[in-house]
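Visitor: Coordinates only, no sequence provided:
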Ligand code: CA
């Protein structure tokens, strides 16, 4: 079992939190490595090729956003889940734009974090094999479902797998509205427990990448009282 144990890299400066998280993840059978500074985290991410990275935004020295961007320059695929003490919308959006896949705001329960991590792994495994390099077209953008990236002209942007998964679901039902609850169930699963607001943040991220004018979207539409719809 230890042979195919998944490796998690935790980049966090609070010693108590590191100890708590390490215990909890090891108990679940994960192999855990920790870095207490952003610089060390970037190095370990390149050296260890972890299966998932948990990244605190508030770090001494190099902050979490810069760490996220530095990791993403080399690696667009490894899921990054950010921990933020600040539940402010702007911090979350900025983290997602720096290339993070998901976030949990402090204080959080370890159970919730474990559920999110399990959901991430559940989501990655089958998709990789089912659809090795499916492409989705949205306006002028081409989204590669396999690499979680969007290309508009010469510019390639990392979407992260949650934003990509939401887009995949909207694409499968293109032209009809999909409710936030359906998105939560299909993308996160029932044991992880993000809020509807989480989905709105990922939609915001998708619009910023895929829409010419994100404030007046033409492709990813809000259907009042029903959810979101990808146009034909
Ligand atoms: Ca911190």
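Guide: Nice, thanks for sending it over. Not measured: the values here are computed from a predicted model. Numbers count the residues shown, from 1 in each chain.
Visitor: C-alpha only now, for contacts and for neighbours.
Guide: OK.
Visitor: what's near enough to touch the residue lying closest to residue 217 once chain neighbours are set aside?
Guide: Excluding its sequence neighbours, the residue lying closest to residue 217 (CA to CA, 6 or more residues apart in numbering) is residue 211, at 5.9 Å. With CA atoms under 8 Å, 6 or more residues apart in numbering as the criterion, the residues that contact residue 211 are 139, 217, 218, 219, 220.
Visitor: One more: residue 202?
Guide: When contacts are counted by CA under 8 Å, 6+ apart, residue 202 touches 96, 162, 163.
Visitor: what about 10 Å?
Guide: By CA atoms under 10 Å, 6 or more residues apart in numbering, the residues touching residue 202 are 92-93, 96-97, 101-102, 159-160, 162-164, 166-167, 208.
Visitor: what's the helix or strand of the chain with the lowest mean pLDDT in contact with?
Guide: Of the helices and strands making up the chain, the lowest-confidence element is helix 110-130, at a mean of 77, by mean pLDDT, DSSP states H and E. Around helix 110-130, the neighbours that count as contacts under CA under 10 Å, 6+ apart are 6, 8, 17, 20-21, 24-25, 28, 51-54, 78-81, 83, 101-105, 109, 133, 145-147, 161-162, 165, 186-194.
Visitor: Drop anything exposed from these.
Guide: Among the contacts of helix 110-130, those that count as buried by neighbour count (16 or more other CA atoms under 10 Å) are 8, 21, 24-25, 51-54, 78-81, 83, 101-105, 145-147, 161-162, 165, 187-189, 192, 194.
Visitor: which parts of the least confident helix or strand of the chain are buried?
Guide: Buried residues in helix 110-130, defined by neighbour count with 16+ other CA under 10 Å: 113, 114, 115, 116, 117, 118, 119, 120, 123, 124.
Visitor: list the buried ones in the helix or strand just after it?
Guide: Counting by DSSP states H and E, the next helix or strand C-terminal to helix 110-130 is strand 135-138. Of the residues in strand 135-138, those buried by neighbour count under the rule 16+ other CA under 10 Å are 136, 138.
Visitor: Mind checking which of the buried ones among the contacts of helix 110-130 are in helices?
Guide: By the criterion of DSSP state H, membership of the buried ones among the contacts of helix 110-130 in helices covers 21, 24, 25, 161, 162, 165.
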